[in-house]
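Peer 1: structural data only, the sequence is not supplied:
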C-alpha cells in the first residue's frame, strides 16, 4: 500500500482538520458554523468512500450484475446529512437571535458585553 | 399485543406525542398532552423494568428484521434503570412545569416548548433502549437538538450564547462518535452492539479499532462533560429555563454516562478497554481532578444554578471514577450514582425553579432569609445539599461508601482521601446556601414572598423524599446496580 | 419579488417540472434510488424557488405557514401511525409484511410507501418553513 493508495482518507483528514480548525480558531459565529459543517461533511465522505469497492456498481440487483458497492453507509449518511441540516438550521437560528440580542456575531464582543 | 410491543412504545409514544403537541397544544393543552405522555412512558418503563428483572434482557426487533441486520432494541438491567430515571424525572417535572413554564416562557411558545420537551425525552429514552450504535447516534442528536432549542428559551439573552456554545461542542462530540462508529464498522461490518462485542476481539490488535475507540470515548466525554471537556455545561444549565435545567441536569448527563458504560464495557469489553487501552490511567486522574476542581469552583459561584452546575461536574467525576476503577464495587457505585445524582440534582434544580418563580432570581443574595418564607422549598434544598455532601441516610452516602470501598480494595487509598476531600468542599458550598437561607436577614423582595404553588412543591418533595428513602432502603437501586455491574463486567451484552 | 422578466418566466416554466420530479423520486423510492428525504427536499425547493422569485407573500398564498406547520406534524404522525397500525395488527413496530394479508411482499410495498410519504411531507414542509422563517425576519 503506497502512501497515496487510499487517497480518499487524505482528503477526509484534510477537510476534517480544516473544518475543525475553523470551528476552534474563528470568533465569528457564522464562520464557526461553516467550519462545523465542513467537519461533518468530511465524515460523510469517510463513510461513503468506505462503502465503495473497486469496480463496484450501485446495488440494484440484476443478472450478471455486480460486484456491488455497500449501500448501508449511504443510508446511514443520508440520516447524518439530515441531522447536519437540522443542526445548521438551528445554529443559524440561534445566530440570528444572538445578533438581535447583542447586535454582533463576534464571540469576543459578545463576551465583552456579558461581563465587562 | 401491547405487552410484546412495550419496548417500541416506550420510544414511539413520546415521539408521536410531539407532533400532536405542536398541532393541538394551544393554551394549556400542550401541558396536558405532555404530562399524560410522561406518565404513560413512566408506567411503561416500570413495566419493562419488572420484565427485565424477572426474565432477563429483552430483545425487540424493529419491523421484525432479524438482528444484526435490522435495528434491535435491547434492554438489560442498566438500560431499564436509565429508562426509569429518564421517564421518572420527566413525569415528576411535568406537574412542576405548569407554573414554571407559565412564568418563564412567552405564552405563544408553550406548545413548542412541550414539543421539544417530548422530543428530548424521546431521544434520551431511545439512547437507553437501542442496541444499535448508529441508532444511538440518531437518538443522541434528537435529544441534543431539542435540548439546544430548550436551553435557548431561557429569559436571559446569555441563554442564546450558552445554547450556541453547547451546539458547537455537542455537535463536535456527536461527530466524533460517528467517526468512531464508522471506523469500527469498517473493521467489523456490523452496527449491532452485541454483534460488535463478538467480532471486535478478533480485530482488537488493529490500530483502526484503537482510533475508533478513542474517537468514541472523546465524543462521549464531551456529551458527559468529563473534565476538561465540561466547559459547555455550567452556562447551559445556568441560563436554561428552570424546568429544562432540572430535567437535563437530572437526565442528559446520566444517559451520556450510560453511553460510556455501553461502549466501554459492552461494545469494546473490559479486556480491550482496561487491559489493552489502559483506560483507568486516563479516566481516574481526570475524574479526581473533576471532583476537586468542580467543587472548588462551585464554592465561588454566586449564581446558585451555576453553583449546582459546577457541582454536577464534580458529581460526574464520581461516576467516571467508578467506571475508571472497573471493579465490581466501583461500577456498582457509578451505576447507583446515575440514579442518586438524578434524584438530588432534580430536587435541587426544581427547588431553585420555585425560588425563581417567587423571587425572580437565583442569586445567593436573593435567597437570603427564605428559610422562613418558603420553608418547604428550602428544606428540600437542604436535603439535596446533604445528599451532595454524602451525609449518611441520604442517597449521596451510598455512592461515596461504595466508591471508597472500591478505592481501598484496589489499594489506592489516595483516591479515597481525594473523594472525602471533595465531599468536604461540598460542605462549604452547601453551607453557603444554608447560611443565606436560614441565618441571614431577608432582602427587600425576599421579605414578602410566599411558598411556591403546591404542584411545584410536591414535585420537588417527591424527589427530595426519594433522596431520603433510597438513602435508608437501599435494596432497589443498589440491587439493580449490583446486577448491572455484574452483567457489565461479565461482558454479557 | 424580482423585476427580471427572464427569471420570472423561466422559473414559472421550471417549477412544474421540479415538483413533478420530486413526486417521481418520492413514488419511485420503494423500488429504486429515491425516497422521502430526497423527494421532500426537491419538492420543498420548488416552493422555495417560487418564494425567492415571486416574494414571500405570494408563496404564503400557495403554502400558508399554519398549514405547513400542521403538515410537519402530520408527516411524523403518518410515519408513527404506520408503526401503530402494524402493532394493532398483532405484529411488531413497522412490521410492514402484515399490512397485506395475502402477500407479505405487497405489505412491504404499502408500508414503505406510507412511511416514505410521511417522511416526504415532513421534509418538504420543514424546508419551506426554515426558508420562510429566515427570509421573513426583518432587521
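Peer 2: Okay, I see it. A quick note: this is a predicted structure, and the numbers were derived from the prediction, not measured. Numbering: from 1, shown residues only, chains lettered A, B, ... in the order given.

Peer 1: quick one, grab the pLDDT at residue C:43.
Peer 2: pLDDT, the model's per-residue confidence, is 92 for residue C:43.

Peer 1: again with the one 10 residues further on
Peer 2: The pLDDT attached to residue C:53 in the predicted structure is 89.

Peer 1: kindly report the same for the one 4 residues further on.
Peer 2: The per-residue pLDDT reported for residue C:57 equals 86.

Peer 1: contacts only, for residue B:368.
Peer 2: Neighbouring residues of residue B:368 by C-beta atoms under 8 Å, 6 or more residues apart in numbering or on different chains: B:436, B:437, B:440, B:441, B:442, B:443, B:446. All C-beta spots, glycine's among them, are computed from the backbone N, C-alpha and C.

Peer 1: if you rank those by neighbours, which is first?
Peer 2: Highest neighbour count within the contacts of residue B:368, by other C-beta atoms under 10 Å in any protein chain shown: residue B:437, with 27 neighbours.

Peer 1: my guess is it meets residue B:367, correct?
Peer 2: Yes: the criterion here is C-beta atoms under 8 Å, and residue B:437 meets it with residue B:367 at 5.2 Å.

Peer 1: common neighbours of those two, please.
Peer 2: With contacts defined as C-beta under 8 Å, 6+ apart, the residues shared by residue B:437 and residue B:367 are residue B:378.

Peer 1: can you give the distance of the lengthiest helix in chain A from its chain's centre?
Peer 2: Ranked by number of residues, the top helix in chain A under DSSP state H is helix A:72-102. Relative to the centre of its chain, helix A:72-102 is centred 10 Å away, using C-alpha atoms, centre = their mean, to the nearest Å.

Peer 1: number of nearby residues for the closest residue to residue B:7 other than its chain neighbours?
Peer 2: For residue B:7, ignoring the flanking residues on the chain, the nearest one in space by C-beta to C-beta, 6 or more residues apart in numbering or on different chains is residue B:60 at 4.0 Å. Close neighbours of residue B:60, defined as other C-beta under 10 Å, add up to 22.

Peer 1: who's in contact with residue B:60?
Peer 2: By C-beta under 8 Å, 6+ apart, the neighbours of residue B:60 are B:5, B:7, B:8, B:72, B:73, B:74, B:75, C:92, C:93.

Peer 1: now the first one: closest residue in space that isn't a chain neighbour?
Peer 2: Nearest in space to residue B:5, with sequence neighbours left out and distances taken as C-beta to C-beta, 6+ apart, is residue C:87 at 4.9 Å.

Peer 1: just checking, the one you found touches residue B:3?
Peer 2: No: the criterion here is C-beta under 8 Å, and residue C:87 misses it with residue B:3 at 11.3 Å.

Peer 1: between the two, which one's more packed in?
Peer 2: Between residue C:87 and residue B:3, counted using other C-beta under 10 Å, residue C:87 has the larger neighbour count: 21 against 8.

Peer 1: secondary structure element for the more buried one?
Peer 2: helix C:65-88 (DSSP states H and E).

Peer 1: circling back to that earlier point, average pLDDT for the longest helix of chain A?
Peer 2: 90.

Peer 1: packing partners of the helix holding residue C:87?
Peer 2: Using 3 or more C-beta pairs under 8 Å, 6 or more residues apart in numbering or on different chains; DSSP states H and E, the elements in contact with helix C:65-88 are helix B:6-24, helix C:104-135.

Peer 1: got the angle for that helix vs helix C:104-135?
Peer 2: Relative orientation of helix C:65-88 versus helix C:104-135 (axes from the mean of the first three to the mean of the last three C-alpha atoms, to 10 degrees): 160 degrees.

Peer 1: list the buried ones in helix C:65-88?
Peer 2: For helix C:65-88, burial by neighbour count (16 or more other C-beta atoms under 10 Å in any protein chain shown) applies to C:65, C:68-80, C:82-87.

Peer 1: how about chain C: which residue is closest to chain B?
Peer 2: Among the residues of chain C, residue C:73 lies nearest to chain B; the distance is 3.1 Å by C-beta to the nearest C-beta.

Peer 1: give me the number of residues near residue C:100?
Peer 2: Residue C:100 has 15 nearby residues by other C-beta under 10 Å.

Peer 1: ok, it touching residue C:89?
Peer 2: No: assessed by C-beta under 8 Å, residue C:100 is found out of contact with residue C:89, at 10.4 Å.

Peer 1: figure out the length between the terminal residues of stretch B:188-205.
Peer 2: Start-to-end span of stretch B:188-205 (C-alpha to C-alpha, to the nearest Å) is 13 Å.

Peer 1: check stretch B:96-111 too.
Peer 2: Start-to-end, stretch B:96-111 (C-alpha to C-alpha) is 16 Å.

Peer 1: count of neighbours near residue 31?
Peer 2: Going with chain A. 15.

Peer 1: if you could check chain C rather than the one you did, that'd help
Peer 2: So residue C:31, with other C-beta under 10 Å, has 10 neighbours.

Peer 1: could you do residue C:138 as well?
Peer 2: Neighbour count of residue C:138, defined by other C-beta under 10 Å: 3.

Peer 1: can you give me the strands for chain B?
Peer 2: Assigned by DSSP state E, chain B shows strands spanning B:58-61, B:72-75.

Peer 1: tell me which of the ones you listed sits most buried.
Peer 2: Mean neighbour count (mean count of other C-beta atoms under 10 Å in any protein chain shown) peaks for strand B:72-75 among the strands of chain B, with a mean of 24.

Peer 1: quick one: is that one near chain A?
Peer 2: No: using C-beta under 8 Å from any C-beta of the partner chain, strand B:72-75 stays clear of chain A, coming no nearer than 15.3 Å.

Peer 1: now tell me what touches that strand from outside.
Peer 2: Applying C-beta under 8 Å, 6+ apart, the contact partners of strand B:72-75 are B:7-8, B:11, B:48, B:52, B:57-62, B:83, B:129-132, B:192-194, B:493.

Peer 1: run the last query once more with 7 Å
Peer 2: With contact meaning C-beta atoms under 7 Å, 6 or more residues apart in numbering or on different chains, strand B:72-75 is reached by B:7-8, B:48, B:52, B:57-62, B:129-132, B:192-194.

Peer 1: ditto for stretch B:261-269
Peer 2: B:78, B:193, B:196-197, B:200-201, B:213, B:216, B:220, B:273, B:279, B:323, B:488-489, B:491, B:493.

Peer 1: among those residues, which ones are buried?
Peer 2: Using 16+ other C-beta under 10 Å as the burial test, these include B:78, B:193, B:196-197, B:200, B:213, B:216, B:220, B:273, B:279, B:323, B:488-489, B:493 as buried.
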